[in-house]
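A.B. asks: attaching a predicted model along with its sequence, questions to come.
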Amino acid sequence: MSPRASSQSLAARLGGAAVQLGRLRADLARIAELAARRGAPASWRTIAADASVAPLALLRGSAALRAAVGSSLGLGAILRAVYHIDVWTDDIGPGLRLPHPFGIVVGDGACVGERCTLMHNVTIQRGEGTVVGDHAVIANGATVLAGAKVGEGSLIGTASVVRGEIPPRHVAVGAPARAVRAVREGEVRS
């Protein structure tokens, strides 16, 4: 490999790592924004006290290391062991929120959009067509089956099983999940 090709691949790897660290910054900014909405001071203490900070740092840090050096150097294993969060894709948009960060699985090839919220015990199955749109909220115990699409700004109810497609800005519940109504103003906070 020529020195020029080597430096280009190093630049690409470092660029991928920078993208992941930028996503972590957006995740933390969203935590501060939500704290301010509750009337809490948007300080580093408030952000650090949020339950999702450590798992988000492990998630984004492992993705950044994979991009830079080809291995998460054990951060992914720590995420699985401590939080039971098993993520097989780096295609998770910035502003992710994990209010109860336990028991989450995101399969290989799945895509999670920007400013999404995943509650505890959520499973998003692997598959190239599995998509959770921007600003979506997936409630606790819900499963998004392989190939399913959750529309932008949608809310998936507790213990729902999504197969097929949920239209944007709709509330879907049940097994299989069905869109029951449009999302009301302020119901999904992004």
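C.D. replies: Arrived safely. Residues are numbered from 1 along each chain as shown.
A.B. asks: where along the chain do the strands fall?
C.D. replies: All strands of the chain, identified by DSSP state E, fall at 86-87, 105-106, 111-112, 117-118, 123-124, 131-132, 137-138, 143-144, 149-150, 155-156, 161-162, 165-166, 170-173, 178-182.
A.B. asks: mind listing what's buried along the last one?
C.D. replies: Which is strand 178-182. In terms of neighbour count (16 or more other CB atoms under 10 Å), strand 178-182 has its buried residues at residue 179. Where you see a C-beta, it was placed from the backbone N, CA and C, and this is true even at glycine.
A.B. asks: before we move on, back to that, want to throw the strands of the chain into a markdown table with mean pLDDT?
C.D. replies: As requested, the strands of the chain are arranged in a markdown table below (pLDDT from 0 to 100):
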| stretch | mean pLDDT |
| --- | --- |
| strand 86-87 | 96 |
| strand 105-106 | 98 |
| strand 111-112 | 98 |
| strand 117-118 | 98 |
| strand 123-124 | 98 |
| strand 131-132 | 98 |
| strand 137-138 | 98 |
| strand 143-144 | 98 |
| strand 149-150 | 98 |
| strand 155-156 | 98 |
| strand 161-162 | 98 |
| strand 165-166 | 98 |
| strand 170-173 | 98 |
| strand 178-182 | 98 |
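A.B. asks: residue 98: which of those strands is closest?
C.D. replies: For residue 98, the closest of the strands of the chain is strand 117-118, at 5.8 Å, according to CB to CB.
A.B. asks: what number of residues lie near residue 15?
C.D. replies: Using other CB atoms under 10 Å, residue 15 has 11 other residues around it.
A.B. asks: now the one 4 residues further on
C.D. replies: Summarising burial for residue 19: neighbours were counted as other CB under 10 Å, giving 15.
A.B. asks: skip the chain neighbours and tell me the closest residue to it.
C.D. replies: With sequence-adjacent residues excluded and distances taken as CB to CB, 6 or more residues apart in numbering, residue 19 is closest to residue 67, at 7.3 Å.
A.B. asks: for residue 94, same thing?
C.D. replies: Ranked by CB to CB, 6+ apart and with sequence neighbours excluded, the top spatial neighbour of residue 94 is residue 26, at 3.3 Å.
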